[in-house]
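**Q** 3D, please:
(one chain, ligands or ions: 1)
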Amino acid sequence: MHIREALDADLNDVLSVERAAFGGEDEAELVKNLLNDPSAKPTLSLLAFKEERAVGHILFTAVHLLTDEPNTILASILAPLAVIPETQKQGIGGKLIERGLQMLSDAGVELVFVLGYPSYYPRHGFETAGCLGFEASYPIPEKDADAWMVQALRPGVIGSVTGKVICANALDRPEYWRE
Ligand SMILES: CC(C)(COP(=O)(O)OP(=O)(O)OC[C@H]1O[C@@H](n2cnc3c(N)ncnc32)[C@H](O)[C@@H]1OP(=O)(O)O)[C@@H](O)C(=O)NCCC(=O)NCCS
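**A** Numbers count the residues shown, from 1 in each chain. Just a heads-up that it's a prediction; the model follows:
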């Protein structure tokens, strides 16, 4: 298995992985829109290959933190993560997350958010974001509060800043903010 950044020429592979993993068109459409959205930049799009076949994809897009005072925090959100059914539970999703976080950290990103499975993402360093003062773009129902998570890539950033996460235009729809 190897992981590399997805190129423009890989778009069909990216979209096929999304369709196979989610069993529909919605996430493929979202990824296509985010990759074409200037407000989502900088993006990080990684593909995992097994024997030259694309089997996994992860996308990170830029977000802004709306705070009382202007800030220069660099932040990103993970959405979506997809591994095709035939190769799930082999660690590919985890490796995509870890590689992405390392690359974002190298690029100076300080905070990474995700809305997802609360029993999965904490394995990779995420913790509940709401109680740390990070508000999601759309209100998360109380019963799903632990699905809204954050990870600091710079020590000390959590606790020194709070605010509302403003996502890219393509992700700024209430249906994408339901767990
Ligand atoms: C979720 C997903 C990306 C995980 O990819 P993967 O390569 O199978 O993940 P890993 O091999 O790193 O980890 C597998 C673990 O994730 C767990 N996992 C998978 N789906 C899960 C879910 N819905 N809730 C909680 N844990 C889940 C598996 O049970 C497995 O746990 P185990 O190690 O205790 O057996 C993959 O199952 C997938 O693409 N699912 C469909 C799309 C999706 O739901 N994406 C996530 C959106 S937040």
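**Q** helices along the chain, start to end?
**A** Assigned by DSSP state H, the helices in the chain fall at 11-22, 26-35, 92-106.
**Q** contacting residues around the spatially most central residue of the chain?
**A** In the chain, the C-alpha closest to the average C-alpha coordinate belongs to L78, at a distance of 0.5 Å (CA atoms, centre = their mean). Contacts for L78 (CB atoms under 8 Å, 6 or more residues apart in numbering) come out as 58-60, 97, 100, 112-114, 116. In short, each C-beta sits where N, CA and C put it, glycine included.
**Q** quick check: closest non-adjacent residue to I92.
**A** Excluding the flanking residues, the one nearest I92 by CB to CB, 6 or more residues apart in numbering is G56, at 4.4 Å.
**Q** tell me who's in contact with that neighbour.
**A** Counting by CB under 8 Å, 6+ apart, G56 touches 3, 17, 47-48, 81-84, 87, 92-93, 96.
**Q** okay if I get those as a markdown table plus pLDDT, distance to E127 and neighbour count?
**A** Formatted as a markdown table, those follow (pLDDT from 0 to 100; distance: CB to CB, whole Å; neighbours: other CB atoms under 10 Å):
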| residue | pLDDT | distance to E127 | neighbour count |
| --- | --- | --- | --- |
| I3 | 98 | 24 | 19 |
| V17 | 98 | 28 | 27 |
| L47 | 98 | 27 | 20 |
| A48 | 98 | 25 | 26 |
| L81 | 98 | 17 | 25 |
| A82 | 98 | 23 | 25 |
| V83 | 98 | 23 | 23 |
| I84 | 98 | 29 | 20 |
| T87 | 98 | 28 | 19 |
| I92 | 98 | 23 | 23 |
| G93 | 98 | 18 | 22 |
| L96 | 98 | 20 | 25 |
